[in-house]
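[1] Got a predicted structure plus its sequence, pasted below:
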Amino acid sequence: MKNYFILFPFVKIINGVARNILYDSQRQNIKFISGVEVEILHNLAKHDIDTVALRYSKKTLNDLINNYVETGCGIVTSSINSRKMLILSELYESPNLIENAIIIIDENTNSSIYSEAINQLSELNCRVISIRMYSENASLLHLEHCLSKIKESQILHCELLLPIENKGLVNCLIGDNNSHVDFSIFYFGCKKSDFIPGSPNQYYIKGKLNKNDCGVFHPSLLNLDYSHFCLSKSYNSCLFKKVVIDEVGNIKNCPLFAHSYGKMFENTLADIISLKKFQKWWHIKKDDISVCSGCEFRYFCHDCRACTVEDKLFEKPLNCSYNPKTTKWK
């Protein structure tokens with residue numbers, strides 16, 4: 001009787017130009033594996049164990065299979081048909097026209113801009129919104145009204161990005177939040193970085209906020225969630241179904257993009273988001289980008305198209321310091 005080794009469908013092999021990763025999406029962890037190990041796994045996916053054993057040492061093969069079985073990454077079976085049953089889709093699906101939005105507010109912003117934007121985003125079933133106020137005065141003038149509008153909407157999660165000086169105001173306005181909205185607060189201008197879990201979660205960012213820090217990549221920032229993996233394989237991990245409304249009402253893909261596609265009260269968000277030229281950014285995935293396409297981490301990072309090497313559309317993010325060819329960090 002022939003036996004087969006089957007790698008569980010939630011375990012994925014990701015090839016890089018110099019290193020390979022074994023991604024366990026169920027446990028949300030990764031490990032580096034050799035090219036020989038990748039080759040063996042590919043052969044085991046096509047042939048029975050005895051046939052593969054003719055090409056490699058029995059000890060090497062048995063040790064590999066036993067390790068995968070013991071760690072819950074695969075099984076040995078006599079049924080070749082099990083391969084056909086074990087399929088996990090990598091398709092990323094979203095029923096909504098827009099998934100997340102950023103609204104930027106300063107002290108001169110007309111409140112009607114973000115009020116109307118929140119209304120339209122709610123009608124479009126947008127579930128996540130980020131409110132960014134880069135000055136203390138903007139928060140003092142607009143935060144209470146803005147939070148009131150969000151709590152009345154269908155928005156499910158709201159991120160607030162504010163100066164640390166506004167912490168007392170936020171505590172007064174949110175306090176023991178009893179609305180349907182889940183809040184996360186990001187304070188910048190702090191003496192040290194910190195995270196305090198709770199309701200809401202509070203993140204403290206050391207020093208001044210640099211808007212051009214977009215696209216910074218570090219191993220601690222890896223997103224190992226399977227939905228992010230699927231998103232990154234098919235779409236842009238930053239810009240897919242995202243819309244930005246800036247402080248004067250311009251409608252953009254990204255806060256750092258100079259080009260806008262329209263303006264609040266002159267265009268509806270639904271009309272702008274449906275434009276092919278707006279959606280073109282959604283389809284620039286990591287496999288299309290120079291350097292990134294050969295990176296073993298490409299499906300776990302957060303892309304940036306606003307700040308790229310030499311300002312070229314299909315170049316790697318400017319603030320990524322990793323070289324996949326040398327596997328070194330600058």
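    Happy to help now that I have it. Residues are numbered from 1 along each chain as shown.
[2] drop to CA atoms for contacts and neighbour counts, all remaining ones
    OK.
[3] what about the helices in the chain?
    All helices of the chain, identified by DSSP state H, fall at 35-44, 49-53, 58-70, 82-85, 111-123, 136-152, 167-173, 226-234, 269-273, 276-279.
[4] okay if I get the ones you listed as a markdown table plus mean neighbour count and distance to Gly198?
    Formatted as a markdown table, these follow (neighbours: other Cα atoms under 10 Å; distance: least, Cα to Cα, whole Å):
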| stretch | mean neighbour count | distance to Gly198 |
| --- | --- | --- |
| helix 35-44 | 16 | 42 |
| helix 49-53 | 17 | 50 |
| helix 58-70 | 15 | 36 |
| helix 82-85 | 12 | 41 |
| helix 111-123 | 18 | 25 |
| helix 136-152 | 17 | 19 |
| helix 167-173 | 13 | 13 |
| helix 226-234 | 20 | 24 |
| helix 269-273 | 17 | 33 |
| helix 276-279 | 14 | 36 |
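[5] Mind telling me which of those helices the model trusts least?
    When the helices of the chain are compared on mean pLDDT, helix 82-85 scores lowest, with a mean of 68.
[6] wait, which of the helices of the chain is closest to Ser179?
    Nearest to Ser179, of all these, is helix 136-152, at 6.4 Å by Cα to Cα.
[7] which strands and helices sit next to that closest one?
    For helix 136-152, the packing partners by 3 or more Cα pairs under 8 Å, 6 or more residues apart in numbering; DSSP states H and E come out as helix 111-123, strand 157-163, helix 167-173.
[8] make it 6 Å
    With contacts taken as 3 or more Cα pairs under 6 Å, 6 or more residues apart in numbering; DSSP states H and E, helix 136-152 sits against no other helix or strand.
[9] how much distance is there from it to the middle of the chain?
    On the basis of Cα atoms, centre = their mean, to the nearest Å, helix 136-152 sits 27 Å off its chain's mean C-alpha point.
[10] Give me the residues contacting it.
    Helix 136-152 has contacts (Cα atoms under 6 Å, 6 or more residues apart in numbering) with Asp106, Glu107.
[11] what do you get for stretch 257-272?
    Against stretch 257-272 from outside (Cα under 6 Å, 6+ apart): Gly249, Asn250, Ile251, Lys252.
[12] mind running it again at 7 Å?
    Residues from elsewhere that reach stretch 257-272, judged by Cα atoms under 7 Å, 6 or more residues apart in numbering: Ile113, Gln120, Gly249, Asn250, Ile251, Lys252, Ala306.
[13] What is the nearest of these to Ile6?
    Ranked by distance to Ile6 (Cα to Cα), those are led by Ala306 at 41.8 Å.
[14] Surely that closest one is in contact with Pro255?
    No. The pair Ala306 / Pro255 is not scored as a contact, 8.7 Å apart, by Cα atoms under 7 Å.
[15] can you list the helices of the chain in a markdown table and add distance to Pro324?
    Formatted as a markdown table, the helices of the chain follow (distance: least, Cα to Cα, whole Å):
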| stretch | distance to Pro324 |
| --- | --- |
| helix 35-44 | 15 |
| helix 49-53 | 30 |
| helix 58-70 | 26 |
| helix 82-85 | 32 |
| helix 111-123 | 39 |
| helix 136-152 | 41 |
| helix 167-173 | 41 |
| helix 226-234 | 17 |
| helix 269-273 | 34 |
| helix 276-279 | 29 |
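[16] For the longest strand along the chain, output the C-alpha coordinates as PDB.
    With secondary structure taken from DSSP state E, the chain has its longest strand at strand 182-190. C-alpha atoms of strand 182-190 as PDB (Å, rounded to 0.1, in the frame of the first residue of the first chain):
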ATOM      1  CA  ASP A 182     -14.900  50.100  18.800                       C
ATOM      2  CA  PHE A 183     -12.200  52.800  19.300                       C
ATOM      3  CA  SER A 184      -8.400  52.700  19.100                       C
ATOM      4  CA  ILE A 185      -6.400  55.800  20.100                       C
ATOM      5  CA  PHE A 186      -3.000  56.700  18.800                       C
ATOM      6  CA  TYR A 187      -1.300  59.500  20.600                       C
ATOM      7  CA  PHE A 188       1.900  61.100  19.100                       C
ATOM      8  CA  GLY A 189       4.400  63.400  20.600                       C
ATOM      9  CA  CYS A 190       4.900  61.100  23.600                       C
END
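[17] This completes my enquiry, with thanks.
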